[in-house]
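Undergrad: Generate coordinates for the sequence data below:
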Amino acid sequence: MAYKVTIYTDGAARGNPGPGGYGVVLISGKHRLEISEGFRLTTNNRMELMAVITGLEALKKPGSDITVCTDSRYVADAVEQGWVIRWESKLFRKKKNPDLWIRFLRVYRRHNVRFIWIKGHASNPENELCDRMAVEASGKADLLEDSGYSSESENNDLFSDP
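TA: Below is the predicted model:
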């Protein structure tokens, strides 16, 4: 039996790069889970992608039918337009955030996932909640280190040229 789960996500960064955070809301029937976390130095796109990854990693049952609602064109279009698969076939050469895209693909492939892009700050209650959670997480005192972020990762090659 495939479980149906809706995941709402948002990421934020105060400065880009700067302190950042993500918010995630998972809903399946009467079940609901809210997750957020903040990082000392990161980017908005990393937090948008981290939110989706965190939501997918929270799922316990492989093969679930997942709808991800995100206001991130970066994430939604990369998946729905098939860009990330092409990036993977080229070993993410000259693409940003390869560490997160590799982690994303690992968990994405465990489920039946579709993305719906929703307009941010457009009165969608769950998206607004994720936004508040992401912003609040970015302002916490004890922020984590985004170990995959560095200024060099903004123009990252996963492997050096031969």
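Undergrad: I'd like to know how many residues surround Leu16.
TA: Check again: residue 16 is Asn, not Leu. 13 (other Cβ atoms under 10 Å). Any C-beta I mention is one placed from the backbone N, CA and C, and that applies to glycine too.
Undergrad: didn't it look like it was pressed against Thr43?
TA: Yes. Counting by Cβ atoms under 8 Å, Asn16 does reach Thr43; the two are 5.4 Å apart.
Undergrad: ranges for the helices of this structure?
TA: 44-57, 73-80, 83-89, 98-108, 125-138 (DSSP state H).
Undergrad: Can you point out the buried residues in the second one?
TA: Looking back up the chat, that one is helix 73-80. By neighbour count with 16 or more other Cβ atoms under 10 Å, helix 73-80 contains the buried residues Tyr74, Val75, Ala76, Ala78, Val79.
Undergrad: do the same with the shortest one
TA: Of all the residues in helix 83-89, those buried under the rule 16+ other Cβ under 10 Å are Val84, Trp87.
Undergrad: what do you get for the last one?
TA: Burial within helix 125-138, assessed by neighbour count using 16+ other Cβ under 10 Å, is assigned to Glu126, Asn127, Glu128, Leu129, Cys130, Asp131, Met133, Ala134, Val135, Ala137, Ser138.
Undergrad: Compute the inter-axis angle for that helix and helix 44-57.
TA: Using axes from the mean of the first three to the mean of the last three Cα atoms, to 10 degrees, the direction of helix 125-138 lies 110 degrees away from that of helix 44-57.
Undergrad: Contacts only, for the residue nearest the centre of the chain.
TA: Compute the mean C-alpha point of the chain, and by Cα atoms, centre = their mean the closest residue is Leu49, 2.2 Å away. Neighbour list for Leu49: Gly11, Ser72, Tyr74, Val75, Asn97, Leu100, Trp101, Phe104 [criterion: Cβ atoms under 8 Å, 6 or more residues apart in numbering].
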